[in-house]
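Asks: Provided below are the primary sequence and the corresponding predicted coordinates.
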Amino acid sequence: MACRLEKTVVMVGMMGAGKSAIGRALAERLGVPFLDSDAEIERAAAMSISEIFARDGESFFRRRETEVIRRLLEGAPCVLSTGGGAFLSERNRRLIAERGVSVWLDADLDLLWARVRNKDTRPLLRTDNPRETLATLQDQRVPSYAEATLRVMAEEGLSIEAMTQRVLEAIRAHEGVFTCPA
Ligand SMILES: Nc1ncnc2c1ncn2[C@@H]1O[C@H](COP(=O)(O)OP(=O)(O)OP(=O)(O)O)[C@@H](O)[C@H]1O
Ligand SMILES: O=C(O)C1=C[C@@H](O)[C@@H](O)[C@H](O)C1
Ligand SMILES: [Mg+2]
């Protein structure tokens, strides 16, 4: 009999850290559903995140984000990838700690920038110097991300499969995430 996932694995970290890509691969490995709070917000609003930011503003988006995270955590244990700003809110951190185990996907600025630079889907990076903005956001956010239960470091050249394996090892080593038959 296989081990059972007891808590939702919640991926947190900067834009480009791989929360969505690794979260999806991890869910597949574990045979549990994959949920992504950004995708759920877009689906519920029938708008892209950029459109929501432009029409309703960031604070509206953040309220929706908290609602969606609360709702998604109520379901059976799964893998939940959050948006890059979700773990900054103390309320969200508390909700996540109640039902899940948080995993901070950490990565250095060069790697994050390489991954986000060619995509314009992230409204917070639509500035005159997006690399600098990314650096500032990272500096501001690291203290919040550091409150995650687990931290897994990404590295250039590490494939999605290899990074997923690292996350799997980290959650397996953490008490209470799985129950396994004796
Ligand atoms: N280990 C990896 N190896 C190669 N490419 C990766 C890896 N992890 C992520 N990527 C790629 O980097 C890009 C950004 O990853 P992803 O969308 O998962 O980031 P995110 O953390 O979900 O960002 P956001 O907070 O903006 O949603 C994607 O194109 C993804 O396929
Ligand atoms: O880092 C952030 O604050 C964000 C990251 C994305 O995942 C989206 O949630 C949105 O673009 C905001
Ligand atoms: Mg994502």
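Replies: In hand now; what should we look at? Numbering: from 1, shown residues only. Ligands and ions are numbered 1, 2, ... in the order given.

Asks: and the pLDDT at the closest residue to residue 91 other than its chain neighbours?
Replies: Counting by Cβ to Cβ, 6 or more residues apart in numbering, residue 91 lies nearest to residue 66, which is 6.0 Å off, once chain neighbours are set aside. C-betas here are computed from N, CA, C, even on glycine. In this model, residue 66 is scored at 98, pLDDT.

Asks: could you say which helix or strand holds residue 66?
Replies: Secondary structure assigned from DSSP states H and E places residue 66 in helix 58-73.

Asks: coming back round to it: which residues are in contact with the residue nearest to residue 91?
Replies: 89, 91, 92, 95 (Cβ atoms under 8 Å, 6 or more residues apart in numbering).

Asks: distance to residue 4 added to the residues you listed, as JSON lines?
Replies: Below are the contacts of residue 66 laid out as JSON lines (distance: Cβ to Cβ, whole Å):
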{"residue": "89", "distance to residue 4": "30"}
{"residue": "91", "distance to residue 4": "29"}
{"residue": "92", "distance to residue 4": "26"}
{"residue": "95", "distance to residue 4": "22"}
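
Asks: name the member of the residues you listed with the most neighbours.
Replies: Counting neighbours by other Cβ atoms under 10 Å, the top entry in those is residue 92, with 25 neighbours.

Asks: now the longest strand anywhere in the chain: mean pLDDT?
Replies: Ranked by number of residues, the top strand in the chain under DSSP state E is strand 100-106. Strand 100-106 comes out with an average pLDDT of 98.
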